[in-house]
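# This is the structure alone, sequence omitted:
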Ligand SMILES: C[S@@+](CC[C@H](N)C(=O)[O-])C[C@H]1O[C@@H](n2cnc3c(N)ncnc32)[C@H](O)[C@@H]1O
């Protein structure tokens, strides 16, 4: 069968390489799979543009981009228009995929990554790192090795857009486990407790991937807390990374102050700490925040219909979350006598606030775009 081709785009990888990176691969309908592989990745470009817009930046502002875990170039195939402005790079542990990229995507440079760092890139080499669905496959040990390596090869002030599972995918994964007769509630409890869950008895057992490659779920609070050891977290975009959540990170200056980590699941959000019964106003603010937190991120809607409905919902929800956070922060500020007991809560609020603020900036841009389209 001749491979499908797309005018103005580089070649499409063969089905056997696509199969390694997409879940809904159909051996009976390779052409459909190739078309899907191509079209789906437009979102990969769009989400990078949108996340950068939230920082007031665009792809062309950067000197050197790395797609970490690029596979057979799904997302980079959409970056041809940037090739003259930005030096494009991709790396992956899959040597076959990298071989194909080298032969077919000549506008970018590729290296095969080792299973463990270091890569061959020098310190501070990149100022933009993008990624689609690699940390969704690594346990905490490998995750931390690679976060540290990305820290090394990104220059201070550089931006990283890394993805983790969305709430919807967490749900789908756990439902899938339950359907397969596994005690999904025990897994859910571990995710609640630890903030990260590595599922080894998954569909990747016996696959072409190495033995450390399985399914990883993260809780947003864990990412905000744990990953801030490596980077400044500038945003957490629910379903903002293709079909995944996107974490917007900035490489700190060396020696810059790092906020002390919470070190455990924030008890205050969603399980509020003991607020005195005599403080109903604070209770109400916490309850409101908890209610919004539990409902966040919003349920996924078909990406094709993204533009209006999802974004309107996102705007509403973020604005309400923002209001609730501000109200809570004000209440805390008015109660300095309770500051000690609420120190951790304040930090949680701060982290969520940073996330919501960045999301807010992005949403403002999208809102403007919607208004302009309506006009
Ligand atoms: C789900 S696939 C996504 C591939 C590609 N980003 C895409 O969207 O099609 C995950 C990819 O991560 C790669 N990978 C896993 N661990 C890696 C690591 N430590 N360094 C680089 N790539 C890795 C795998 O080989 C695989 O290609």
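Looks like it came in fine. What you are looking at is a predicted structure, and each value in this text was computed from that prediction instead of being measured.
# Could you spell out the sheet neighbours of the helix or strand hosting residue 233, each with its direction?
Secondary structure assignment for residue 233, by DSSP states H and E: strand 232-241. Using DSSP bridges, the strands paired with strand 232-241 are strand 244-250 (antiparallel).
# What segments of the stretch 1-150 of the chain are helices?
15-18, 30-40, 42-54, 95-104, 140-153 (DSSP state H, counting those that start in this stretch).
# Please convert the ones you listed to TSV, extending it with distance to the ligand, mean pLDDT and mean neighbour count.
C-betas here are computed from N, CA, C, even on glycine. Formatted as TSV, the helices of the stretch 1-150 of the chain follow (distance: least, C-beta to the nearest ligand atom, whole Å; pLDDT from 0 to 100; neighbours: other C-beta atoms under 10 Å):
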stretch	distance to the ligand	mean pLDDT	mean neighbour count
helix 15-18	8	91	19
helix 30-40	8	86	17
helix 42-54	7	88	19
helix 95-104	6	98	17
helix 140-153	5	97	18
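# could you dump the ones you listed to CSV with distance to residue 122?
What follows is the helices of the stretch 1-150 of the chain, written out as CSV (distance: least, C-beta to C-beta, whole Å):
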stretch, distance to residue 122
helix 15-18, 29
helix 30-40, 32
helix 42-54, 23
helix 95-104, 19
helix 140-153, 7
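# Out of those, which is closest to residue 184?
Distance to residue 184, taken as C-beta to C-beta, is lowest for helix 140-153 among the helices of the stretch 1-150 of the chain, at 20.4 Å.
# by contact count, what packs against that closest one?
Counting contacts by 3 or more C-beta pairs under 8 Å, 6 or more residues apart in numbering; DSSP states H and E, helix 140-153 packs against strand 64-68, strand 126-131, strand 196-199.
# Is the ligand within reach of stretch 66-76?
Yes - Stretch 66-76 comes into contact with the ligand (C-beta under 6 Å from any ligand atom), by way of 68-71, 74-75.
# near the ligand, which residues of the stretch 101-250 of the chain?
113, 132-134, 137, 146, 213.
# Most neighbours among those residues, please name it.
residue 132 (26 neighbours; other C-beta atoms under 10 Å).
# quick one: it and residue 163 touch, right?
Yes - contact criterion C-beta atoms under 8 Å: residue 132 and residue 163 qualify, at 5.7 Å.
# what do those two both touch?
Contact criterion C-beta atoms under 8 Å, 6 or more residues apart in numbering; residues shared by residue 132 and residue 163: 241-242, 244.
# Of these, which is the most crowded?
For those, neighbours tallied by other C-beta under 10 Å; top is residue 241, 27 neighbours.
# Roughly how far does residue 258 sit from residue 151?
Residue 258 is 12 Å from residue 151, where distance means C-beta to C-beta, to the nearest Å.
# what do you get for residue 36?
34 Å.
# Repeat that for residue 192.
Applying C-beta to C-beta to residue 192 and residue 151 gives a distance of 28 Å.
# show me the contacts for the residue in the stretch 151-300 of the chain positioned nearest to the ligand.
Here the stretch 151-300 of the chain gets closest to the ligand at one residue, residue 213, 5.7 Å apart by C-beta to the nearest ligand atom. Counting by C-beta under 8 Å, 6+ apart, residue 213 makes contact with 137-138, 204, 207.
# I would like a PyMOL command selecting only the buried ones among those, please.
To isolate the buried members of the contacts of residue 213 in PyMOL, using 16 or more other C-beta atoms under 10 Å:
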select buried, resi 137+138+204
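# Check the contacts of residue 213 and tell me the two furthest apart.
Among those, 138 and 207 lie farthest apart (C-beta to C-beta), at 14.9 Å.
# If I look at residue 277, what pLDDT would I see?
With respect to pLDDT, residue 277 scores 46.
# swap that for residue 306, sorry
Confidence score, pLDDT, at residue 306: 41.
# What ranges in the chain fall below the confidence cut-off?
1-3, 24-25, 205, 259-375 (pLDDT under 70).
# Would you mind listing the outside residues contacting stretch 85-95?
Here stretch 85-95 has contacts from 17, 20, 59-60, 62-73, 76, 79, 82, 98, 101, 105, 107-115, 119, 121, 126, 128, 210, using C-beta under 8 Å, 6+ apart.
# Hmm, I typed the wrong one, I wanted stretch 151-161.
Taking C-beta under 8 Å, 6+ apart as the rule, stretch 151-161 contacts 47-48, 51-52, 55, 57, 62, 66, 117-119, 121-131, 150, 230-231, 241, 246-254.
# Pull out the buried residues from it.
151-154, 158-161.
# now, among those, which is nearest to residue 41?
Nearest member of the buried residues of stretch 151-161 to residue 41, counting by C-beta to C-beta, is residue 161, at 14.7 Å.
# Are we agreed that that closest one is in a strand?
Yes - judged by DSSP: H, G, I helix; E, B strand; the rest coil, residue 161 forms part of a strand.
# On the strand side of things, show who it bridges to.
In beta-bridge terms (that is, DSSP bridges), residue 161 pairs with residue 130, residue 248.
# what does residue 237 give?
residue 246.
# A strand includes residue 222, no?
No - Residue 222: not assigned to a strand; according to three-state DSSP it is helix.
# What are the neighbouring residues in contact with residue 162?
68, 129, 131, 134-135, 150, 227, 241, 246-247, 249.
# please redo it, this time with the cut-off set to 6 Å
Taking C-beta atoms under 6 Å, 6 or more residues apart in numbering, we find residue 162 in contact with 131, 247.
# do residue 51 as well
161, 246, 248.
# what's the burial count for the second one?
Summarising burial for residue 246: neighbours were counted as other C-beta under 10 Å, giving 26.
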